[in-house]
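In: return atomic coordinates for the entry below.
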Amino acid sequence: MEGFEKNFSIRKAPFLSVCYHSLRAKRKGGEAVNAHERRIEIMRILSVRRRETMGCLAVELGVTTRTIRTDITVLTADYPLETQRGNGGCVKIPDWYHPNRHILSQEHQRVLAQLAPKGDAYEQQTVLNILAEYGSPNLMNRS
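Out: Below is the predicted model:
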């Protein structure tokens, strides 16, 4: 199962695997991951993927689906999460909700835009994705 968890995490969102592995490292080191940290990680995952099954979240975070359901119930008090039951069921974030949009300053966007051409094709695409996800369209048009 360990290989599945690692490949699943990396295939879905490579940069999330760092967060996931750091959560697992805390557990392996004897320190339990508390509910608050786990819920923050659930929101990070959903902010990027936009939708995920509770089963996949449970496997990825190393908890039961019941724990994930409880976490989702708590999170719905503060975030616009939607749950879908049945075949194809999942927890998702509405298309209009983007908590991380527009967090890069004009300077950050300028530096990333200058660095993009210096990398290989994968790195260029990654930087462009970061700019699209976290940058302000208004600031990007000015640079």
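In: which stretches of this structure form strands?
Out: In chain order, the chain shows strands spanning 51-52, 82-84, 90-92, with DSSP state E as the criterion.
In: would you format these as a markdown table with distance to R69 and mean pLDDT included?
Out: Using the backbone N, CA and C atoms, a C-beta is placed for each residue, glycine as well. As requested, those are exported to a markdown table (distance: least, Cβ to Cβ, whole Å; pLDDT from 0 to 100):
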| stretch | distance to R69 | mean pLDDT |
| --- | --- | --- |
| strand 51-52 | 13 | 92 |
| strand 82-84 | 9 | 91 |
| strand 90-92 | 9 | 92 |
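In: would you tell me which one of the ones you listed is buried the most?
Out: Comparing the strands of the chain on average neighbours per residue, with mean count of other Cβ atoms under 10 Å, the densest one is strand 90-92 at a mean of 19.
In: returning to that earlier point: could I get the strands of the chain as a markdown table with distance to E123?
Out: Converted to a markdown table, the strands of the chain look like this (distance: least, Cβ to Cβ, whole Å):
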| stretch | distance to E123 |
| --- | --- |
| strand 51-52 | 26 |
| strand 82-84 | 34 |
| strand 90-92 | 30 |
